[in-house]
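> One predicted model, sequence on top.
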Amino acid sequence: MAAVGCKHAGCTRPWGLSALLAGLLLASLPVQAVPRLCLSGSNTVGERLAPALVKAWAEHQGWRLANESRPSPEARQLVFAGRATVQVEVLAQGTSSGFAALRDGQCDIWMASRAARPAEVQAALGLGRLYERGQEHVLALDGLAVIVHPANPVNALTVAQVRDLFAGRLRDWSQVGGRPGPVSLHARDEASGTYDTFRSLVLGETRLSTATLRYESTDRLAAAVAADPRAIGVVGLAGVGQARAVALSDEGTRPLPPSSLAVATEDYLLSRRLLFYTPAQPRAEVKAFIDFALGPSGQTVVRESGFVPQEVAAFAVPPPTHPEKREIVAGARRVGLNFRFGEGIALLDNKALEDVERLAQFLRRPEQAGQEIVLVGFADRSEMSPFAAIALSNDRVDLVADALRREGLRVARQRGLGQIAPVASDATPQGRERNRRVEVWVRSVAGAAAPRVGLTSAGG
């Protein structure tokens, strides 16, 4: 019997007997009884997280897994049976490939490890405006981890050092405080959103060294670094494996590891958002899956898969080093989210609008009774004069405070501090955007008991 092939680009291997049996199962049913869901794009999302979400969603619907096959290393096909039979395809061939599949109508959901580019938004206007709420869905937060062999004595690097290492300008570990020996470079391939983010946040216009080994798979890259004491690589936070992540710093900032708090607040220099994009009018099963993925059960899967979920938590942290900030947030816990802004503007993006709702839900829990909010705002050093930057940071704080008060929340104090306490260098657009932020802290109203929490290693 001839082998059956996959109809999607990049998926050309024979399906084999198990997939053929699944196809016969589907063929025996009326066409209208076989809903189909297709996700395409980021390997970071599609390698483990998306299949885990699909399985959890199907279980929530009361379906059982009838068949699972791998038409190719980057493709997975799942067939579920229950009240209905559903076929789901997950094609993890890189963020850019997922955009093309969504634009061309080949798949329902674009899995992305970067935001849609303006040219992509323009090219997909037939589907709506991809940047709008309802089409752009922040699934999880991730950090690009710079990884080394566990025995490597280097614990922290600057972003400039990482850039110079991957450019081949620094070729020996002794040049960055390690043991003498040549550096072996490992990075994802060109189609990867992980590499695209690394290029944007670290390399810039610098060319990647031609000596770099390239990988389609995060797991293979991490395994190669974990096996080589000379190696350095870049992976998503969930892909560190047996390697070890180093802390990163930038000009004027302290080294920060990719902790859950640092990634959740997006203060970690290589933090990023993982997204789903859908058409403006998705089919019913697409909307049902998205709602599940963004809901409590789906976000539990996100956490179990090694990513930082879209949920609110408060952390006890060491006191801030800046005296004015330390006085403002005295006795408060740091909430794991920040509100960020474009240059010179005070508009909340899709994630920020949803974070307002999430923060309201968090503070309405019985265990958070008696808590009030403290907001601290910041500007970047390119924004006007220091005095004008203080006014702008106050405007942003006021905007967030108004949104929270409309949810019935108690904002006890709000203060803009201008250009102090940067978390990134102001030399790049990405760094300036990280510095334009409003931090959220919570503390007990006088006389109320604070929830008991442990001290984290992340600072404020």
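The structure has been received and is ready for your questions.
> Now do the strands in the stretch 151-300 of the chain.
156-158, 184-188, 213-215, 231-236, 244-245, 247-249, 271-277 (DSSP state E, counting those that start in this stretch).
> Now do the buried residues in the strand ranked longest in the chain.
For the chain, the strand with the greatest residue count under DSSP state E is strand 136-148. For strand 136-148, the neighbour count (16 or more other C-beta atoms under 10 Å) marks 136-148 as buried. Just so you know, the C-beta spots here come from the backbone N, C-alpha and C atoms, and that holds for glycine as well.
> Pull the residues that contact the longest helix along the chain.
When the chain is parsed with DSSP state H, its longest helix is helix 386-406. Contacts to helix 386-406, defined as C-beta atoms under 8 Å, 6 or more residues apart in numbering, come from residues 339, 341, 344, 346, 348, 356, 359-360, 373, 375-381, 383-384, 411, 414-419, 436, 438, 440.
> By mean pLDDT, flag the weakest helix or strand of the protein.
None of the helices or strands of the chain scores lower by mean pLDDT, DSSP states H and E than helix 16-27, at a mean of 44.
> Sheet partners, orientation included, of the helix or strand following that one?
Using DSSP states H and E, the helix or strand that follows helix 16-27 in sequence is strand 36-41. Strand pairing for strand 36-41, using DSSP bridges, gives strand 86-91 (parallel), strand 109-112 (parallel).
> So for strand 36-41, what gets flagged as buried?
Neighbour counts over strand 36-41 (16+ other C-beta under 10 Å) mark L37, C38, L39, S40, G41 as buried.
> Low-confidence ranges, the stretch 251-400 of the chain, go.
Residue ranges of the stretch 251-400 of the chain with pLDDT under 70: 342-346, 383-384.
> same thing but 80
Along the stretch 251-400 of the chain, the model assigns pLDDT under 80 to residues 252, 341-348, 381-384.
> likewise the stretch 51-200 of the chain?
Scanning the stretch 51-200 of the chain for pLDDT under 80 picks out 83-84, 191, 193.
> What segments of it are helices?
95-103, 118-123, 159-167, 193-198 (DSSP state H, counting those that start in this stretch).
> can I get the ones you listed in a markdown table with distance to A56?
Compiled in a markdown table, the helices of the stretch 51-200 of the chain are given as follows (distance: least, C-beta to C-beta, whole Å):
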| stretch | distance to A56 |
| --- | --- |
| helix 95-103 | 21 |
| helix 118-123 | 29 |
| helix 159-167 | 35 |
| helix 193-198 | 23 |
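> Format those as CSV; extra columns: mean neighbour count.
Listed next are the helices of the stretch 51-200 of the chain as CSV, based on neighbours: other C-beta atoms under 10 Å:
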stretch, mean neighbour count
helix 95-103, 24
helix 118-123, 14
helix 159-167, 21
helix 193-198, 24
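> Figure out which of those is closest to P182.
Nearest of the helices of the stretch 51-200 of the chain to P182, taken as C-beta to C-beta: helix 159-167 at 11.2 Å.
> Return the alpha-carbon coordinates of the closest one using CSV.
Output of helix 159-167 as CSV, limited to C-alpha atoms (Å, rounded to 0.1, in the frame of the first residue of the first chain):
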residue,chain,number,x,y,z
VAL,A,159,24.6,41.7,26.7
ALA,A,160,27.6,43.2,25.0
GLN,A,161,29.8,40.2,25.9
VAL,A,162,27.1,37.8,24.6
ARG,A,163,27.0,39.8,21.3
ASP,A,164,30.8,39.7,21.0
LEU,A,165,30.9,36.0,21.7
PHE,A,166,28.3,35.2,19.0
ALA,A,167,30.0,37.5,16.6
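> That one to strand 136-148, inter-axis angle?
Angle, helix 159-167 to strand 136-148, by axes from the mean of the first three to the mean of the last three C-alpha atoms, to 10 degrees: 80 degrees.
> Use 2 as the first number for this chain going forward.
Will do, 2 is the new start, and the previous item becomes helix 160-168.
> Can you show me the strands along the stretch 352-461 of the chain?
372-379, 412-417, 438-445.
> quick one: contacts for the nearest residue to Q62 once chain neighbours are set aside?
Setting aside the residues directly before and after it, Q62 is nearest to G83 in space (C-beta to C-beta, 6 or more residues apart in numbering), at 6.6 Å. By C-beta under 8 Å, 6+ apart, G83 lies in contact with A59, Q62, G63, W64, R65.
> just I233 next, same as before
V147, I148, V149, L166, F167, V184, S185, L186, H187, V226.
> Can you check the pLDDT for it?
In this model, I233 is scored at 98, pLDDT.
> Tell me the spacing between the closest residue to R215 other than its chain neighbours and Y216.
Closest residue in space to R215, ignoring its immediate chain neighbours: D190 at 4.8 Å, by C-beta to C-beta, 6+ apart. Per C-beta to C-beta, to the nearest Å, D190 is found 6 Å from Y216.
> before we move on, what about L50?
Where Y216 is concerned, L50 sits at a distance of 18 Å (C-beta to C-beta).
> Between those two, which is the more surrounded one?
In this view L50 and Y216 are compared by other C-beta atoms under 10 Å, and L50 has more residues nearby, 28 against 22.
> Relative to G240, how far out is V309?
Taking C-beta to C-beta, one finds V309 at 14 Å from G240.
> where do the contact lists of the two overlap?
Joint contacts of V309 and G240 (C-beta under 8 Å, 6+ apart) do not exist.
> What is the neighbour count of E206?
For E206, the count of nearby residues is 5 (other C-beta under 10 Å).
> tell me the pLDDT at it?
For E206, the model assigns a pLDDT of 90.
> Kindly report the same for the one 5 residues further on.
Per-residue confidence at T211 stands at 96 (pLDDT).
> How about it: what's its closest non-neighbour residue?
G169 (7.8 Å).
> how about that neighbour, what does it touch?
Applying C-beta under 8 Å, 6+ apart, the residues near G169 are L186, S210, T211, A212.
> ok, S193 touching G95?
Yes: between S193 and G95 a contact is recorded at 5.2 Å, counting by C-beta atoms under 8 Å.
> my guess is K352 meets V139, correct?
Yes: counting by C-beta under 8 Å, V139 is a contact partner of K352 at 4.7 Å.
> joint contacts of those two?
Residues touching both K352 and V139 (C-beta under 8 Å, 6+ apart) are R274, Q311.
> rewinding a little: I'd like the contacts of G169 written out as TSV, with neighbour count added.
Below are the contacts of G169 laid out as TSV (neighbours: other C-beta under 10 Å):
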residue	neighbour count
L186	22
S210	16
T211	7
A212	12
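> Identify the farthest-apart pair in these.
Farthest pair in the contacts of G169, by C-beta to C-beta: L186 and T211, 9.7 Å.
> C-alpha coordinates for stretch 412-423, PDB please?
C-alpha atoms of stretch 412-423 as PDB (Å, rounded to 0.1, in the frame of the first residue of the first chain):
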ATOM      1  CA  VAL A 412      -4.800  52.500  44.900                       C
ATOM      2  CA  ALA A 413      -3.200  53.900  48.000                       C
ATOM      3  CA  ARG A 414      -0.300  55.600  46.500                       C
ATOM      4  CA  GLN A 415       0.900  56.500  43.000                       C
ATOM      5  CA  ARG A 416       4.200  58.200  42.100                       C
ATOM      6  CA  GLY A 417       6.300  58.800  39.000                       C
ATOM      7  CA  LEU A 418      10.000  58.700  39.600                       C
ATOM      8  CA  GLY A 419      11.200  59.700  36.200                       C
ATOM      9  CA  GLN A 420      14.500  58.300  34.800                       C
ATOM     10  CA  ILE A 421      15.900  56.500  37.900                       C
ATOM     11  CA  ALA A 422      16.200  52.700  38.300                       C
ATOM     12  CA  PRO A 423      16.700  51.600  34.700                       C
END
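> Perfect, that will be all.
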